[in-house]
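S.K.: Sequence first, predicted coordinates after that:
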Amino acid sequence: MAERTHNPNSADCILWEMLLADALDGMLRAEDQALFSAHKSVCPACAALFEEARRGREWLEFLSPEPEVPAGLLDRILAQTGPGKSGQVEGYGLVPAGHVVPMPLPLQRPGFMANIRRFSEPRLLMTAAMAFFSIALTLNVTGVHLTAVRLAGLRPISVGSIPGQARSFVERRFTMASTPVIRYYDHSRFVYEVESKVRELRRATEGSNRQKPNEVSPGESKQAPPAIHGGTPESSPQQSGNQPALNNSNEYLETSLEFPNFRGTAPAFRRLQNSTTGTEPTKRSTVWTA
Amino acid sequence: MVQQALARVSPDLREAVILRDLQDMDYKEIACILGIPEGTVKSRISRGRAELARLLERTKREVM
């Protein structure tokens, strides 16, 4: 149709048609402007084409440029159409002129829901879910079950005492370290008390033997010299049995030192101490047999 | 109405007009995309604009 308005086969018209686009854009150079105007004035077809192209360009301006999105339009739309927004958000709808626009609540401010929605992207939610799953799996492996965790159990004083929950790491380490120490202390104390009691017994025996020769006349007693039967320091408190013949008198010495109910460390020695101090009937028996 | 008229423009002229006036491309870019000389691009744009104007004038007369 454009070809019918002017002669497209003319070299001048072809050249002028190339300049037409620049002329309508206002980008025509000065030397081309003279040629363009001269041809338009002598060629009615090209002049008509110029008017039609100009009107067509004006019509196209209705389609172009594309309407620009106002700043914040998306946030306002999201604020009005987000969850919990049943109606129009006050302050962001169409308000009559002269009305005071109230300050919106923080939840209704444009951009707030957009920020929440921005963090509600599927990839972020999947990341958070994976992190939670990893933590839960780790706790489950270590013995902490999330179903057994209560809010009251999260206080520092009650951490480690939640039913079904394993002890805290620090408490476990402390227990593991303190148990051998306590056991070693008990054993050392036991040995020390045994040794001290043996020494006391030996001292007491020696003292009684010094008194006995004065009380008993020789020949009347069949007892062997008491200095021997007290036992050596190396002898155990639990000695029972017949001693070999002593001295030259063919007398047998039988010494029995018993600690009944000897099961532990401290209780046994308390009984031993009581027996030596006389609060309980003495368990030490010395039988002299000929 | 303008869209309907533009759809009736010849395809070669229409694509040149769309790339220039709607996509806001320069003539070199349109020439590269269409694979034609830059002078031909300018000629097609001018013819397409003129054809669109005639179509709209015809539509306007029909409506009136």
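M.R.: Happy to help now that I have it.
S.K.: Residue A:74: neighbour count?
M.R.: Residue A:74 is flanked by 13 other residues according to other C-beta atoms under 10 Å in any protein chain shown. Where C-beta positions appear, they are placed from N, C-alpha and C, glycine not excepted.
S.K.: I'd like the distance between it and residue A:122.
M.R.: Counting by C-beta to C-beta, to the nearest Å, the separation of residue A:74 from residue A:122 is 19 Å.
S.K.: Report the distance from the longest helix seen in chain B to the chain centre.
M.R.: Across chain B, the longest stretch assigned as helix under DSSP state H is helix B:38-63. How far helix B:38-63 lies from its chain's middle: 6 Å, per C-alpha atoms, centre = their mean, to the nearest Å.
S.K.: by contact count, what packs against that helix?
M.R.: When contacts are defined as 3 or more C-beta pairs under 8 Å, 6 or more residues apart in numbering or on different chains; DSSP states H and E, helix B:38-63 sits against helix A:2-5, helix A:11-25, helix A:44-63, helix B:2-7, helix B:11-17, helix B:27-34.
S.K.: mind listing what's buried in the helix or strand of chain B with the lowest mean pLDDT?
M.R.: One helix or strand of chain B scores below all others by mean pLDDT, DSSP states H and E: helix B:2-7, with a mean of 84. Applying a neighbour-count criterion of 16 or more other C-beta atoms under 10 Å in any protein chain shown, one finds B:2, B:5-6 buried in helix B:2-7.
S.K.: Then stretch A:18-27?
M.R.: Under 16+ other C-beta under 10 Å, the buried positions of stretch A:18-27 are A:18-24.
S.K.: which of those come close to chain B?
M.R.: A:18-22, A:24 (C-beta under 8 Å from any C-beta of the partner chain).
S.K.: going on from the strand or helix carrying residue A:127, what's the next piece of helix or strand?
M.R.: Here residue A:127, judged by DSSP states H and E, is contained in helix A:122-141. Per DSSP H and E, the first helix or strand lying C-terminal to helix A:122-141 is helix A:169-215.
S.K.: Give me the mean pLDDT for that next one.
M.R.: For helix A:169-215, mean pLDDT is 82.
S.K.: before we move on, what about stretch A:17-35?
M.R.: 85.
S.K.: measure it end to end?
M.R.: 12 Å (C-alpha to C-alpha, to the nearest Å).
S.K.: ok, and what's touching it?
M.R.: A:6, A:8, A:15-16, A:36, A:46, A:49-50, A:53-54, A:57, B:20, B:27, B:39, B:41-43, B:45-47, B:49 (C-beta atoms under 8 Å, 6 or more residues apart in numbering or on different chains).
S.K.: Quick one, which of those are buried?
M.R.: A:6, A:16, A:36, A:46, A:49-50, A:53-54, A:57, B:20, B:27, B:39, B:41-43, B:45-47, B:49.
S.K.: same for the least confident helix or strand of chain B, what does it pack against?
M.R.: helix A:44-63, helix B:11-17, helix B:38-63.
S.K.: by how many degrees do the last one and helix A:11-25 diverge?
M.R.: This points to helix B:38-63. Between helix B:38-63 and helix A:11-25, the angle comes out at 70 degrees (axes from the mean of the first three to the mean of the last three C-alpha atoms, to 10 degrees).
S.K.: what's the answer for the first one, then?
M.R.: With the same axes, to 10 degrees as the basis, helix A:44-63 and helix A:11-25 are set at 30 degrees to each other.
S.K.: nearest to chain A, of the buried residues of helix B:2-7?
M.R.: Chain A lies nearest to residue B:2 out of the buried residues of helix B:2-7, by C-beta to the nearest C-beta, at 5.4 Å.
S.K.: shouldn't that closest one be in contact with residue A:60?
M.R.: Yes. Assessed by C-beta atoms under 8 Å, residue B:2 is found in contact with residue A:60 at 7.2 Å.
S.K.: what's the overlap in contacts for these two?
M.R.: residue B:52.
S.K.: how about low-confidence regions in chain B?
M.R.: Counting by pLDDT under 70, chain B shows no low-confidence range.
S.K.: same thing but 90
M.R.: B:1-9, B:18, B:20-26, B:39, B:43, B:56-64 (pLDDT under 90).
S.K.: Chain A now?
M.R.: Looking at chain A by pLDDT under 90, you get A:1-49, A:52, A:54-128, A:133, A:136-190, A:205-290.
S.K.: hmm, try it at 80
M.R.: Residues of chain A that meet the criterion pLDDT under 80 lie in A:1-10, A:62-72, A:74, A:80-123, A:143-178, A:210-290.
S.K.: how far away is residue A:181 from residue A:21?
M.R.: Taking C-beta to C-beta, one finds residue A:181 at 98 Å from residue A:21.
S.K.: Quick one: distance of stretch B:8-20 to the chain centre.
M.R.: 4 Å.
S.K.: Next, the buried residues of it.
M.R.: Buried residues in stretch B:8-20 (16+ other C-beta under 10 Å): B:9, B:13-20.
S.K.: among these, which are within reach of chain A?
M.R.: Within these, those near chain A by C-beta under 8 Å from any C-beta are B:13, B:17, B:20.
S.K.: Excluding chain neighbours, what is closest to the second one?
M.R.: It refers to residue B:17. Residue nearest to residue B:17 in three dimensions, not counting chain neighbours: residue B:48, with 3.8 Å by C-beta to C-beta, 6 or more residues apart in numbering or on different chains.
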